[in-house]
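**Student:** Quick check, what structure comes out for this input:
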Amino acid sequence: MKTISKTIQKTMSKSKYVLMAILVAFSVSCSPEDGEDGAVGPAGPQGPAGTDGNANVISSGWIEYDEAVWSPLTDEFSIDYRNYPITVPDISQDIVDNGVVLVYTRFVISNTDTFILPFSANITGGEQTLSFQIELNDLTIKMRNVSGAGDPGTFGGPGIAEYRYVIIPANATGRLGNTDLSKMSYKEVMELFDLKP
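**Tutor:** Numbering: from 1, shown residues only. Predicted coordinates for the structure are as follows:
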């Protein structure tokens, strides 16, 4: 029995030395300074041009008003309106509840000033107000006389006026803090969201 015990002790003792030798060999043979970096390869081909704008912000281009799209005169809470309905599938329920939609108009026929809605001006004779309303998948530009009574008329056609909308999801407005986008100029908003004017 003593011989078996001595044999086991010798084997374990030899195993310890072998294990110790392996550990020393591995710890000494590997070094971060060993080896050289390979040569830098050639530059890859230029990728395609990226799209303008912020990935989260949706913007239409300038769209001509079509005089035929204006609704007949509509009485809404004793105020006479003409409505200009626009189907916009990008206006989701989340946009309605939490996002921001900005709508701009410019009158190409007289100048290229850009106005954010709502605004009032002499549009069709007298003074009218253009405003807008959003619902799921829909944007409606609304026009009324400042007095609220009477037909504000309509406008549109080639070279007369254009509109544009910008849809900003809640995740893109969070970084703005309390910034009131409606108080910013058109140019400032375009620059802020890296959009093409």
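**Student:** Only C-alpha atoms from now on, for both contacts and neighbour counts.
**Tutor:** Noted.
**Student:** low pLDDT regions in this protein?
**Tutor:** With pLDDT under 70 as the threshold, the chain has low-confidence stretches at 1-38, 44, 47-55, 112, 174-175.
**Student:** tell me, what residue is most central in it?
**Tutor:** Among the residues of the chain, the one closest to the centroid is Val57, at 1.8 Å (Cα atoms, centre = their mean).
**Student:** From Met184, how far out is that one?
**Tutor:** Per Cα to Cα, to the nearest Å, Val57 is found 16 Å from Met184.
**Student:** if I read this right, the residue nearest to the centre of the chain contacts Ala172, doesn't it?
**Tutor:** Yes: the criterion here is Cα atoms under 8 Å, and Val57 meets it with Ala172 at 7.2 Å.
**Student:** Show me the helices in this structure, by range?
**Tutor:** For the chain, helices defined by DSSP state H occupy the ranges 2-29, 93-98, 170-173, 186-192.
**Student:** Restrict the last one to CA atoms and write it as CSV.
**Tutor:** I take that to be helix 186-192. The C-alpha coordinates for helix 186-192 follow below in CSV (Å, rounded to 0.1, in the frame of the first residue of the first chain):
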residue,chain,number,x,y,z
TYR,A,186,-37.7,78.6,-42.4
LYS,A,187,-33.9,78.7,-43.0
GLU,A,188,-33.1,77.9,-39.3
VAL,A,189,-35.4,74.9,-39.3
MET,A,190,-33.9,73.6,-42.6
GLU,A,191,-30.4,74.0,-41.2
LEU,A,192,-31.3,72.5,-37.8
